[in-house]
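[1] for reference, the sequence and a predicted model appear below.
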Amino acid sequence: MAAISALFRRVVRGPLPSFTIGEASPTAIAPSSNNSSFSTAKKPDFDLFYPLRLWLDSIQVKNDKFAHFLCKLIPCTCPFERDISLVGHTFHVPPLCKLNPLYNEVVSLRLRALTYLEEDCGEDISQYIC
């Protein structure tokens, strides 16, 4: 478990791309010629949430109380996914959290908090794992 969380720590805490607002990633526009599995769709040039993404990615977890707070605040599964039964039919409502434009940054913040608690504080994080 420690090796996996160390790998995630390196991925999550890796350097942020040095793009400015309005600048598109060259790899997002033109994929490499040797890998045809990437989509050639151009990403939007302007990302309204870019400053919030940078802010969420820059939050460092260095306090165990703050890490516990984040793990309690950010759920491990989407709370909106559920099955609704009406008149003998069951309807499944899919998880709506992926519609949140900051979903990946929030989940990575929770992962950083869990990694801090496990590796730096040596605490048991099984209470926060679903």
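    Good, I have the coordinates.

[2] gap between the residue nearest to N100 when sequence neighbours are not counted and E119?
    Counting by Cβ to Cβ, 6 or more residues apart in numbering, N100 lies nearest to V106, which is 7.3 Å off, once chain neighbours are set aside. For the C-beta atoms, the positions are set from N, CA and C on the backbone; glycine is no exception. V106 sits 21 Å away from E119 when distances are taken as Cβ to Cβ, to the nearest Å.

[3] same question for P79.
    Distance of P79 to E119, given as Cβ to Cβ: 27 Å.

[4] now do the helices in this structure.
    Assigned by DSSP state H, the chain shows helices spanning 2-12, 26-29, 50-58, 64-73, 103-115.

[5] so what secondary structure elements neighbour the last one?
    So that's helix 103-115. Counting contacts by 3 or more Cβ pairs under 8 Å, 6 or more residues apart in numbering; DSSP states H and E, helix 103-115 is packed against helix 2-12, helix 50-58, helix 64-73.

[6] in this structure, where is pLDDT below threshold?
    Within the chain, the stretches with pLDDT under 70 are 1-44.

[7] at 50 what do you get?
    Per-residue confidence of the chain (counting by pLDDT under 50) places the weak regions at 1, 3-33, 35-37, 39.
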